[in-house]
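Student: Whatever this is, show me its structure:
(chains A, B, C and D)
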Number of protein chains: 4
Amino acid sequence: MTVSFRGVIPPVVLARHEDRSLDAASNERNLNRIIDAGVDGLFILGSSGEGVFCTPGERLDVIEHTMRVVDGRVPVLVGCIDTQTQRVIEHVQVAEQAGAAAVVVTAPFYALGGPEQVEEHFRLIHAATSLPVFAYDIPVCVHVKLAPDMLLRLGQEGVIAGVKDSSGNDVVFRLLVQANEAAGRPLVLLTGHEVVVDGAYLGGADGAVPGLANVDPEGYVRQWKAAEAGDWDTVKKEQDRLATLMRVAMTATSLSGFGAGVGGFKAALTLLGVFASAQMPHPVAQLQAEEIETIRGVLLDTGLL
Amino acid sequence: MTVSFRGVIPPVVLARHEDRSLDAASNERNLNRIIDAGVDGLFILGSSGEGVFCTPGERLDVIEHTMRVVDGRVPVLVGCIDTQTQRVIEHVQVAEQAGAAAVVVTAPFYALGGPEQVEEHFRLIHAATSLPVFAYDIPVCVHVKLAPDMLLRLGQEGVIAGVKDSSGNDVVFRLLVQANEAAGRPLVLLTGHEVVVDGAYLGGADGAVPGLANVDPEGYVRQWKAAEAGDWDTVKKEQDRLATLMRVAMTATSLSGFGAGVGGFKAALTLLGVFASAQMPHPVAQLQAEEIETIRGVLLDTGLL
Amino acid sequence: MTVSFRGVIPPVVLARHEDRSLDAASNERNLNRIIDAGVDGLFILGSSGEGVFCTPGERLDVIEHTMRVVDGRVPVLVGCIDTQTQRVIEHVQVAEQAGAAAVVVTAPFYALGGPEQVEEHFRLIHAATSLPVFAYDIPVCVHVKLAPDMLLRLGQEGVIAGVKDSSGNDVVFRLLVQANEAAGRPLVLLTGHEVVVDGAYLGGADGAVPGLANVDPEGYVRQWKAAEAGDWDTVKKEQDRLATLMRVAMTATSLSGFGAGVGGFKAALTLLGVFASAQMPHPVAQLQAEEIETIRGVLLDTGLL
Amino acid sequence: MTVSFRGVIPPVVLARHEDRSLDAASNERNLNRIIDAGVDGLFILGSSGEGVFCTPGERLDVIEHTMRVVDGRVPVLVGCIDTQTQRVIEHVQVAEQAGAAAVVVTAPFYALGGPEQVEEHFRLIHAATSLPVFAYDIPVCVHVKLAPDMLLRLGQEGVIAGVKDSSGNDVVFRLLVQANEAAGRPLVLLTGHEVVVDGAYLGGADGAVPGLANVDPEGYVRQWKAAEAGDWDTVKKEQDRLATLMRVAMTATSLSGFGAGVGGFKAALTLLGVFASAQMPHPVAQLQAEEIETIRGVLLDTGLL
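Tutor: Numbering: from 1, shown residues only, chains lettered A, B, ... in the order given. Now for the predicted structure:
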């Protein structure tokens, strides 16, 4: 029973009560809604999933609650994002015991180092678990770009199973897809850029991890099926609509970055009746009333409301 | 007699003799080869075209020689890249007198400023010429990203005619394409990223300015025609081959950046018999023998040799 | 019994056995040697002190062991460096229970945000503890520069007690010192740049947190006393020697960043008989034999060996 | 008759009429005022001196006018800042013919390259002139830091005569000063950071190139004489006042970067009766009335008005 990790694997955002504690009921509704849309997996505790905002206690709660709700319906990838190797390994071992299908790991961050240390980091993590390890390439957060040559080498040696690419460098990603094909596809290559998934599929990506799929999981599922069928007109048409929908993550004027993007997804989920609150973790404020009204307009325009 | 500026508009690289002086015969062969391939225009004195390497005298030579060789067969866009407004305006006026179809202008660079100055820069340049002005978005060189809201606003006001996007930010480019369509297409939007042109066309780009089209102009012309016909399988197939061909710009180990990329294009053109030398302008060295042999292999693999 | 936090407060590096576990005996020797030199405080679990490398268990061990060895002889500042507010607060509360004199906190990192979130972060942390909070300005690690206006405002409101400046921006630090004096000195301003401490003292800094003081605590204590006495020739003379000694952190060719710098300090402490090993935490390798020989030469040249 | 290039060498800012043309009378007053203060040289057409804003015609006017006014009273260093080698060489040759004492040259910019090209750039420029060449280290503008090892090597080989350091990296500058002393002082090392000149002098710098010396040349001359006499209390006292005066370059809210800093200097010079206008070159706006009032307050507070 092997998992392919191909297709649509949304990075699940987290519902919190107004007092910022985790909202299990909202999170259950969200997980079920995404699974019912036909996705191929779930990615929890990533950048959108507040992996770096959760305390150790919250982290455990999120993992256990997700596993209970999902109950084996789809594979669950668990983000194990932390500053350095040994800390990541402790997270990985918790995820493995809880039944994760794979772990997703960034380069180490905060302390300065070089490419040898990044590579050693992935090797040590692989040595400490029997789970597939996905390399998470997100230089905007860790300030290091994972070198494509290293990724392919680690794939060929079985150290990593795939890459979640949030690098913003579609040229390098395209060339990695091509090199991976030439090498017999040791890596599963997933794009994290929800606005240009169509181009990534045309270029040969194995799937997507779109934050926006929290808002419209069915759209990304339809798009993936069209891509599998070679129906590029539909792939593009879905993307055009999803690109418009992405405005939910771009309306904030009171906030930037994570607060604007994930805050926008949460506000949309609240308007859609999935979340009870759009509350954010400290020190991030939730979006304001007029911003939420703009988001309502985007949902109306794109037919989701 | 309006020029649409849609389609394939290669940024022409410059041949130099071994003593680094301009090689008119090689440049003439190159221009004719590109035009004969059926391109929709030419872009000279851009980043690949050594706009910032040419002395004032060389700059004038390149413009006059190109105009003489092209002789009206295709529109010629002239890069007017310089540190500040008044210097750019002097270049623009020379280009206008020489018969340029349009000018291509970056944000000012070297001195630090803010977005208001970037916008004022484009407004002053537009006021000083009757030529269409293309905004050249190339943050890797000028260290400023042109804001999409500003670009659209300048387009709607007739200040700029289009954008050459070398920003590497395909997400923002995609959203700009979408916003431009919603606004009635005031801008012509061209991608400069030769490896992911397929995704840009799928997303609605109006054309491409691919440096690699110096090496294989026919491939990019075929790809554009397929895109116009909605034949996405061909668009992708051409792109896959062109992505492999792009290795000519990535083999250098003795150099990085401009020297590796444009140096690789020049080496390929030398191997193809178009250029007499792969010489580079000071302070850049030309590629070394073993690097050129690797490039020969890429040309053989992709059927160009 | 108020602590002034002025003077020399070394950021203590951590000894590890060859198997990378903590080496209590070496750490005890190191703490005692630094205290005996006459320093004014100690800073543990900072960037040099492997705050982001320690697992939660190691973190607790380091705090408890340090408190036991120091036994009230000098105040101990505890680094509480983590990605986000709630996680930092949990670290702060542990430090407070263990008897820390103050906590040292960076801006949040990994997730993208804005200046309002940085300020809210410090406010929330202050609200959660009765300990003085030092803001740790280290953009090379967290990729945000703490704005001097914000720092002064937080100082005037009693939210933060001081700043450890590792920003590398001596111009802004100088202006902050001046503004702080004009405001009645609400902040204690400490420089973390061990090579230019003389200039910082001349400009009015309240002390230093020099990583190199692990190697030569007496030199930095002599320098501080000279600065307090207005004996600038001695301040400069000590700095000249310490700048030469800083070469211990710059000899590495097999490593860069943390591994080179802290690795060099550890190698020097091993050569000085303080540490039993120069081992580093995963994924960082320790320095190699020839690099250690170069460090031996620097110690000989500067009279420490 | 050798020039030492030690001491205070202000980077002269340019007066323009309201119509943005050069204002010869104001520029003459400014040059004479600075020379009368007792400076050791002048640096024209640098970053503050609008080197990258001047058209070729203006550039020539500035050089010729300055030489005529200065008339040999102090050595004049001419900034030859341009994107690439051959263009710089043309500027250098003009400066040499006009009687410059030295030229000041940055790394090439705009096109991407590597450290070998930067070194080759300086070697080619040295080979093309008999003038002393100063390397201008200003990564905030050219996005490359000049490596201290390269600078020392070029100094020892006679390729460069000195360094104007505007790198903002006082640690590396301090270590370069030390290495230069150990090598017999082949380089003249000048700091460009007007707010921390005291620390640079304490560390052994050979002089300063402070933009703020346009406003208060006498202050910087007094400070240099005190440093030469080892009177560090006076050095510091002058610096404290000059740091306060630096607020003239930091009051702008309508502008950032060059426009705020140089705009502030020009506004101060207008208030002091030296300049007839604080006009800036396109696309930069001049400071607004309320900003100029704030600058008047700074001049009053520091005794210049």
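
Student: Stretch A:163-176 near chain B at all?
Tutor: Yes: using CB under 8 Å from any CB of the partner chain, stretch A:163-176 reaches chain B at A:Gly168, A:Asn169, A:Asp170, A:Val171, A:Arg174, A:Leu175. Heads up, the C-betas are built off the backbone N, CA and C, glycines and all.

Student: Please narrow those to those residing in helices.
Tutor: Among the residues of stretch A:163-176 next to chain B, the members found in helices (DSSP state H) are A:Asp170, A:Val171, A:Arg174, A:Leu175.

Student: how near is the last one to chain D?
Tutor: Here the criterion is CB to the nearest CB, to the nearest Å. By it, A:Leu175 lies 18 Å from chain D.

Student: for chain A, which spans come out with low pLDDT?
Tutor: In the prediction, chain A carries residues with pLDDT under 70 at positions A:1.

Student: Helices of that one, residue ranges please.
Tutor: Here chain A has its helices, by DSSP H, at A:24-36, A:56-70, A:85-98, A:115-127, A:139-142, A:148-156, A:170-182, A:197-202, A:217-228, A:232-245, A:258-271, A:289-301.

Student: With only the CA atoms kept, save the shortest one in CSV.
Tutor: Read it as helix A:139-142. Extracted C-alpha coordinates of helix A:139-142, given in CSV (Å, rounded to 0.1, in the frame of the first residue of the first chain):
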residue,chain,number,x,y,z
PRO,A,139,13.6,30.7,0.8
VAL,A,140,11.3,33.6,1.7
CYS,A,141,11.0,32.1,5.2
VAL,A,142,14.4,30.3,5.7
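
Student: packing partners for it?
Tutor: For helix A:139-142, not one helix or strand is in contact under the criterion 3 or more CB pairs under 8 Å, 6 or more residues apart in numbering or on different chains; DSSP states H and E.

Student: Could you list the contact residues of the stretch 151-300 of chain A toward chain B?
Tutor: A:168-171, A:174-175, A:178, A:193, A:195-196, A:198-200, A:202-203, A:230, A:232-233, A:235-236, A:239-240, A:243-244, A:246.

Student: For chain D, what is the nearest residue in the stretch 151-300 of chain A?
Tutor: Nearest residue of the stretch 151-300 of chain A to chain D: A:Val171, at 14.6 Å (CB to the nearest CB).

Student: Just give the closest residue to that residue, not the sequence neighbours.
Tutor: B:Val195 (4.5 Å; CB to CB, 6 or more residues apart in numbering or on different chains).

Student: if we can go back for a sec, got a list of what the residue of the stretch 151-300 of chain A closest to chain D touches?
Tutor: A:Val171 makes contact with B:Gly168, B:His193, B:Val195, B:Val196 under the criterion CB atoms under 8 Å, 6 or more residues apart in numbering or on different chains.

Student: Can you say which of the residues of stretch A:163-176 next to chain B are buried?
Tutor: A:Gly168, A:Asn169, A:Asp170, A:Arg174, A:Leu175 (16 or more other CB atoms under 10 Å in any protein chain shown).

Student: dump the residue contacts of the residue lying closest to A:Ala128 once chain neighbours are set aside.
Tutor: Setting aside the residues directly before and after it, A:Ala128 is nearest to A:Ile89 in space (CB to CB, 6+ apart), at 4.6 Å. When contacts are counted by CB under 8 Å, 6+ apart, A:Ile89 touches A:Leu124, A:Ile125, A:Ala128, A:Thr129.

Student: Ramachandran coordinates for A:Lys14?
Tutor: Actually, residue A:14 is Leu. It isn't Lys. When read as degrees, to the nearest 10, the backbone of A:Leu14 gives phi -110, psi 130.

Student: Who are the contact partners of the nearest residue to it once chain neighbours are set aside?
Tutor: Excluding its sequence neighbours, the residue lying closest to A:Leu14 (CB to CB, 6+ apart) is A:Glu50, at 4.9 Å. By CB under 8 Å, 6+ apart, A:Glu50 lies in contact with A:Val13, A:Leu14, A:Val262, A:Pro281.

Student: Those residues: which two are farthest apart?
Tutor: Using CB to CB, those span at most 11.1 Å, a distance reached by A:Val13 and A:Pro281.

Student: Distance check, A:Asp137 against chain C.
Tutor: Going from A:Asp137 to chain C by CB to the nearest CB gives 14 Å.

Student: Run a quick neighbour tally on that residue.
Tutor: Number of residues near A:Asp137 (other CB atoms under 10 Å in any protein chain shown) recorded here: 25.

Student: again with A:Pro108
Tutor: A:Pro108: 27 surrounding residues under other CB under 10 Å.

Student: likewise A:Arg123?
Tutor: 17.

Student: The one 10 residues further on now?
Tutor: Look at A:Val133: counted by other CB under 10 Å, it has 24 neighbours.
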